[in-house]
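K.L.:
Sequence and predicted model, in that order:
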Amino acid sequence: MALGSGRAWMHMLLLILLLTSTAVIGGQQRGERLCLEAEGFPSPICGWSYNSQAERGVVLLHGLGGSAREDWRSQIVLLAQDFHVLAIELPGFTHPSRLPEHYTVAHFAQAVGLFTDHYMPQPYTLIGHSLGGLVALRVARSQAEQARLERMVLIGVPGILDRLAYSREVVGTRVRGQGGSHGGRPALLEKFTIKLLSALEALSGRVQPSDRLLRRMADNPVAMAAMQMVTEEFQGQLGGLALPVLLLWGEDDESAPLRIATLLNASLPNARLLVFSGQGHVPMVEDSQRFNRALTVFVSAGLWPLAAEASPNIPSGPVEQPRHGHCFRESGKVFRGYYSQIQIHSCERVVIEQVRAESITIHGGRVEIRHSRIGREESEVALRLHGSDVKLTNSYLQGQTGIDSAGSRIDLAGVVFEEAWQPLNIRSGTELLLSHSEWRRLGRMQPLHGNYTLERGDVLPWLVYR
């Protein structure tokens, strides 16, 4: 058909350009579904690809029982404008398997590595939420992926702590949050949390869940993946990840309590933490606008979001001005700064934060110590405990004995016993939880991780001290 004028040709050309442009944009939003057959995987590894011609990439990993497209809906629309985006479906949920080994973090990480090798030739940023964050950490340890990884974003990563410490941290967070919002906890997690925590308590003496326990979960792939997830060990492996890592965390996350974010921020050498106040486990959905602003600054510009913070400084140096700290039958007291000694007797909910003290004695009550340095090399004992419940995070202990304990419960995460002749002296029954802690002595370092019930004179097993 002949067109009557040049103006008609121009109208037709504009219409064609408009339709072509709309098709491209729509294609990016819809994405292309890709699948890969791989040995050792009972079903194909699949995912969604958007804007595959972009020069840089982003890989998105969903959480437990989540959806590659739905969990990241607004982030895909945002990132696919400038990046090749792969939203990977972790295998075993769309097409369930009855084999526990198909739900380990290592198995998921292998799937992600194969899929990115095949479909993501660009250098990329790895973004993982919940289970996907654990998988991202495992992927980032692969030498093959380190060459292509530019940076990483972790959101609400569960586990990390010793399994018993984690289960109690979750219970404590739930108790503190009763009467308020559940912080966006996914319904699938809500259904079996209590059963999972009971199973974790029963696992306290084992390295891994029993095959019998896992096979009892064979009809529930989410439960199998959850059990494997919270027993995943990263002992001594976090400090070697030098790439920039942005931690985006909901303040009220009940599935991944904020203590985990604090530990990761201190353990990863190039990390920053941004906490979303009033948000729970899925801040990318609950507060997508603020989340997306922070994500864009980090992924697109390679900059830390303004509110993202490094791990707080731990005070060092001598205690020049003698100052004594006291707490007697009080609640909610906070200590900060330099002290020659702190004595606490029958106090509840005490916080010791960014403190430099030559010694601390706690007799009864509950105390949390964060980002502190206690004792000195010539000290007899750094921390004395009697009938106390004490939690230490990201702190240092110095002295001939790091902790002298009688009838106490001690929960350590990211704690370093520095030049201590003996980390522990047990006078009577003590429950000890160790997560990503260390004993450094005479140039040697021994990682400490696990949970133990100790009686008078007990020491940690030879396997730990080797």
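P.N.:
Right, received. Where do you want to start?

K.L.:
Does residue 424 touch residue 399 like I think?
P.N.:
No: counting by CB atoms under 8 Å, residue 424 does not reach residue 399; the two are 11.6 Å apart. Using the backbone N, CA and C atoms, a C-beta is placed for each residue, glycine as well.

K.L.:
Show me which positions of stretch 338-346 end up buried.
P.N.:
Residues 338, 339, 341, 342, 343, 344, 345 are the ones in stretch 338-346 that count as buried (16 or more other CB atoms under 10 Å).

K.L.:
Run through the bridge partners of the fifth one.
P.N.:
Counting by DSSP bridges, residue 343 is bridged to residue 326, residue 361.

K.L.:
likewise the first one?
P.N.:
The bridge-partner assignment for residue 338, based on DSSP bridges, gives residue 356.

K.L.:
so what's it up against?
P.N.:
By CB atoms under 8 Å, 6 or more residues apart in numbering, the contact list for residue 338 reads 315, 319, 320, 321, 323, 355, 356, 357.

K.L.:
So of those residues, which two are at opposite extremes in space?
P.N.:
320 and 355 (14.6 Å; CB to CB).

K.L.:
between those two, who's got more neighbours?
P.N.:
Legend: neighbour count by other CB atoms under 10 Å for residue 320 and residue 355, higher for residue 355 (24 against 8).

K.L.:
Tell me how far the more buried one lies from residue 379.
P.N.:
Distance of residue 355 to residue 379, given as CB to CB, to the nearest Å: 15 Å.

K.L.:
Neighbour-wise, which one of the contacts of residue 338 leads?
P.N.:
When neighbours are taken as other CB under 10 Å, the top entry among the contacts of residue 338 is residue 357 (26 neighbours).

K.L.:
How about residue 90: what's its closest non-neighbour residue?
P.N.:
Excluding the flanking residues, the one nearest residue 90 by CB to CB, 6 or more residues apart in numbering is residue 108, at 5.1 Å.

K.L.:
residue ranges for the helices of this structure, please.
P.N.:
For the chain, the helices defined by DSSP state H occupy 6-30, 73-79, 105-119, 131-140, 143-146, 163-177, 187-202, 211-215, 221-230, 258-267, 283-286, 288-301, 462-465.

K.L.:
about what we covered before: among residue 424 and residue 399, which residue is more densely surrounded?
P.N.:
Comparing residue 424 with residue 399 by other CB under 10 Å, the one with more neighbours is residue 399, at 26 against 22.

K.L.:
check contacts around that one.
P.N.:
By CB under 8 Å, 6+ apart, residue 399 lies in contact with 359, 375, 376, 377, 378, 379, 380, 381, 382, 420.

K.L.:
got a list of what the residue positioned nearest the centre of the chain touches?
P.N.:
The C-alpha lying nearest the average C-alpha coordinate of the chain belongs to residue 157 (CA atoms, centre = their mean; 3.6 Å). For residue 157, the contact set (CB under 8 Å, 6+ apart) comprises 128, 130, 133, 134, 137, 256, 260, 261, 264.

K.L.:
Can you read off the pLDDT for the closest residue in space to it that isn't next to it in sequence?
P.N.:
Take residue 157 and drop its neighbours on the chain: the residue closest to it by CB to CB, 6+ apart is residue 133, 3.6 Å away. Looking at residue 133, its pLDDT stands at 96.

K.L.:
How many neighbouring residues does the nearest residue to residue 33 once chain neighbours are set aside have?
P.N.:
Using CB to CB, 6+ apart and skipping residues adjacent in sequence, the residue nearest residue 33 is residue 48, 5.8 Å away. Using other CB under 10 Å, residue 48 has 20 neighbouring residues.

K.L.:
May I ask you to confirm that residue 426 is in contact with residue 402?
P.N.:
No: taking contacts as CB under 8 Å, residue 426 lies outside contact range of residue 402: 11.8 Å.

K.L.:
higher neighbour count, the two?
P.N.:
Under the criterion of other CB under 10 Å, the comparison of residue 426 against residue 402 puts residue 402 first, with 28 against 21.

K.L.:
can you tell me how far that one sits from residue 41?
P.N.:
46 Å.

K.L.:
Also residue 138?
P.N.:
Distance, residue 138 to residue 41, using CB to CB: 16 Å.

K.L.:
Give me the nearest residue to residue 44, chain neighbours excluded.
P.N.:
Of all residues beyond its chain neighbours, the one nearest residue 44 is residue 35 (4.0 Å), with distances taken as CB to CB, 6+ apart.

K.L.:
Ignore what I typed, I meant residue 451.
P.N.:
Excluding its sequence neighbours, the residue lying closest to residue 451 (CB to CB, 6+ apart) is residue 164, at 4.4 Å.
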